[in-house]
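A.B. asks: below are the sequence and a predicted model; questions follow.
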Amino acid sequence: MAQVVGGHALGTSPSAPGLGRRSFFANAGAHCLRNTRVGFNPRSSTSNAGRIDARSSASNLAWIDPKGSASNAAWIDVPICEQIVDKPIKLIVAVDGAETSMAAFAYVTEGFMQRDRNTYVDVIHIYDANQSDLPNCFRRNTIQSFVEVALTGALSSKRYKFQCIPCGTVDKSHHICEEIKDIKADYVCLGFNAKSKSWRSRSRISSMALGVVERGQCSIIVIKDDSVNLLPVRRPAKFVVSVSLNQSSTKAFLDSLRLSRPGDEIHVIYVKSFMEDVESDYTKILRHKYASFFRALQNGDEKVFSKFRDRSIRFHIQTKQAREQTGMAVVRYADDIDADFIVVGANASRGSRGKFPIGTVSRQICLETERNFIVSSWVDLRPDLYERYCR
C-alpha cells in the first residue's frame with residue numbers, strides 16, 4: 001500500500017493523471033521536456049538510445065534530469081536501483097560487550113537474518129591486547145564464547161563468520177573498512193557507543209561510525225536501544241526516511257526498502273518551510289518523484305520493485321513549526337509514530353572534499369533522536385564506475 005498523507009494519493013494528480021515519463025515535468029511546472037536530459041538504458045537496444053519511453057514507472061523517472069544537466073543529483077539510474085534492492089545482503093556486526101552492541105547483534109541474528117535466508121553476516125570483535133583490567137562483559141573470551149554459542153544456535157555455518165581482531169596501533173574503523181572490502185559488505189551494524197548517560201556523551205557520533213561512512217563507503221545501522229526486546233524482532237518495523245532532491249536520500253529510501261520485511265511501515269517524509277503555504281516547484285518535483293517510485297512498487301510488470309508491494313509505504317510532507325529546524329521536525333514526526341529507525345543519506349565523497357562525512361541536517365537528526373538510525377552511504381559515480389568499484 002502506497003499513499004500520501006496531507007494531499008492527493010500518490011500516483012494520481014488533479015492536473016496530471018497517470019503521470020508518465022513524457023508528461024511528468026511538464027505537469028510539474030518545473031522544466032520543459034526539451035530541456036531534459038535522457039539517459040541511455042543499457043537494457044534496451046542501441047537503436048532506442050535517446051528515445052523517451054512513455055511508460056509510468058520508477059525507471060522512467062530516474063532516467064530524466066529535470067534541470068537538463070548532470071548537476072542535478074536527485075536521480076539514480078534504474079539498473080543501479082534494481083541492483084541495490086535485489087542483491088543478497090551482507091552485513092558486518094561489530095561487538096564489544098556493550099548493551100547496545102549486543103542488542104545490535106541479537107537484532108541481526110535473531111530477527112533480520114531469520115526472515116531473509118539469503119543474508120550473510122561477518123561478526124567481528126576488535127580488542128586491545130594491552131587492556132587486561134576490563135569488566136568481565138567486555139573481555140575477549142567472554143564475548144567470543146557468547147557470540148559463538150549464539151551463532152551456532154541461530155544460523156548455519158555457511159551464513160556467518162566470527163573473528164577477533166587485535167586493534168594494534170590503528171583506529172578500529174580501519175579494521176572494519178578492511179572487512180568491508182573483503183566481503184563487499186552492504187551494511188555495518190554498530191551499537192551507539194555512549195560512555196555515559198550524559199547528554200554530551202549521547203550527542204556524539206563515534207569516530208568509528210564516521211570512519212566507516214567516510215572511508216568504508218558503506219551504510220551503517222546504529223542501534224541506540226539497549227535491549228533486543230525494544231527492537232522489531234518479532235513485530236513489524238517502522239522506518240522514517242528523510243528525503244530531499246539528492247541521490248543520497250534516494251539511496252536512503254532504497255535501503256529502507258531493502259531492510260524492510262512484509263508488513264513493515266515506511267514513512268517517507270519531506271520537511272517544507274514554515275512559510276511555504278503553496279507548494280513550490282521543488283516540493284512538487286519531489287512528490288512526483290516518489291509517486292513514480294510507489295507506482296512501480298504496485299506495478300506487477302516491474303519484476304524487482306513489485307517484490308516490495310506488501311510494505312505499507314506513505315509519503316508525508318511535514319511543515320516546520322515556528323523556529324523549528326529541519327532535523328527537529330523529522331525527529332518530531334518519528335516520535336509521533338513511534339518509529340524504530342530513522343534513515344538519512346550521506347554522500348561518502350564529502351570527506352574527500354574536506355567536509356564532515358554526514359551532512360548538517362542528517363547529522364542533526366542522528367544526534368537529536370533517541371531512536372535507532374541508519375546512515376545510507378552513497379558514492380556519486382557514473383553507472384559504469386559504480387558497477388566496477390562499488391557494491
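C.D. replies: Structure's in. What do you need?

A.B. asks: switch to C-alpha atoms for all contacts and neighbour counts from now on
C.D. replies: Noted.

A.B. asks: tell me where the stretch 1-150 of the chain has strands.
C.D. replies: Assigned by DSSP state E, counting those that start in this stretch, the strands in the stretch 1-150 of the chain fall at 2-5, 37-38, 64-65, 90-94, 120-127.

A.B. asks: pick out the shakiest of those, pLDDT-wise.
C.D. replies: Across the strands of the stretch 1-150 of the chain, strand 37-38 has the smallest mean pLDDT, namely a mean of 30.

A.B. asks: backbone dihedrals for K184, both of them.
C.D. replies: Per-residue torsions, K184: phi 50, psi 60 (degrees, to the nearest 10).

A.B. asks: my guess is it contacts K90. True?
C.D. replies: Yes - using Cα atoms under 8 Å, K184 is in contact with K90, at 7.4 Å.

A.B. asks: how much space between the residue nearest the centre of the chain and S292?
C.D. replies: For the chain, A252 is the residue whose C-alpha lies nearest the centre (Cα atoms, centre = their mean; 3.2 Å). Using Cα to Cα, to the nearest Å, A252 is found at 16 Å from S292.

A.B. asks: one more: R311?
C.D. replies: As judged by Cα to Cα, R311 and S292 stand 16 Å apart.

A.B. asks: the two: which is more packed in?
C.D. replies: Between R311 and S292, counted using other Cα atoms under 10 Å, the more crowded position is S292 (25 against 19).

A.B. asks: in a helix, that one, correct?
C.D. replies: Yes - counting by DSSP: H, G, I helix; E, B strand; the rest coil, S292 falls inside a helix.

A.B. asks: average pLDDT across stretch 276-291?
C.D. replies: For stretch 276-291, the mean per-residue pLDDT is 84.

A.B. asks: and it, what's buried?
C.D. replies: Burial within stretch 276-291, assessed by neighbour count using 16 or more other Cα atoms under 10 Å, is assigned to 283, 285-291.

A.B. asks: could I have the CA atoms of that stretch written out in PDB?
C.D. replies: The C-alpha trace of stretch 276-291 is given here as PDB (Å, rounded to 0.1, in the frame of the first residue of the first chain):
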ATOM      1  CA  GLU A 276       5.500  27.700   2.300                       C
ATOM      2  CA  ASP A 277       1.700  28.000   2.000                       C
ATOM      3  CA  VAL A 278       1.600  26.900  -1.600                       C
ATOM      4  CA  GLU A 279       3.700  24.000  -2.800                       C
ATOM      5  CA  SER A 280       6.900  25.100  -4.500                       C
ATOM      6  CA  ASP A 281       8.200  23.500  -7.700                       C
ATOM      7  CA  TYR A 282      10.800  21.800  -5.600                       C
ATOM      8  CA  THR A 283       8.100  20.200  -3.400                       C
ATOM      9  CA  LYS A 284       6.100  19.200  -6.500                       C
ATOM     10  CA  ILE A 285       9.000  17.500  -8.200                       C
ATOM     11  CA  LEU A 286       9.800  15.600  -5.000                       C
ATOM     12  CA  ARG A 287       6.200  14.500  -4.600                       C
ATOM     13  CA  HIS A 288       6.000  13.300  -8.200                       C
ATOM     14  CA  LYS A 289       9.400  11.500  -8.000                       C
ATOM     15  CA  TYR A 290       8.200   9.300  -5.200                       C
ATOM     16  CA  ALA A 291       4.800   8.900  -6.800                       C
END
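
A.B. asks: distance from stretch 79-91 to the middle of the chain?
C.D. replies: Centre-to-centre, stretch 79-91 and its host chain are 12 Å apart (Cα atoms, centre = their mean, to the nearest Å).

A.B. asks: please enumerate the helices of the stretch 251-391 of the chain.
C.D. replies: Using DSSP state H, counting those that start in this stretch, the helices of the stretch 251-391 of the chain run over 281-298, 326-337, 360-368, 383-389.

A.B. asks: need the winner for burial among the ones you listed.
C.D. replies: Across the helices of the stretch 251-391 of the chain, averaging neighbours per residue (mean count of other Cα atoms under 10 Å) puts helix 281-298 on top, at a mean of 21.

A.B. asks: mind giving me the packing neighbours of that helix?
C.D. replies: strand 2-5, helix 24-28, helix 58-62, strand 312-319 (3 or more Cα pairs under 8 Å, 6 or more residues apart in numbering; DSSP states H and E).
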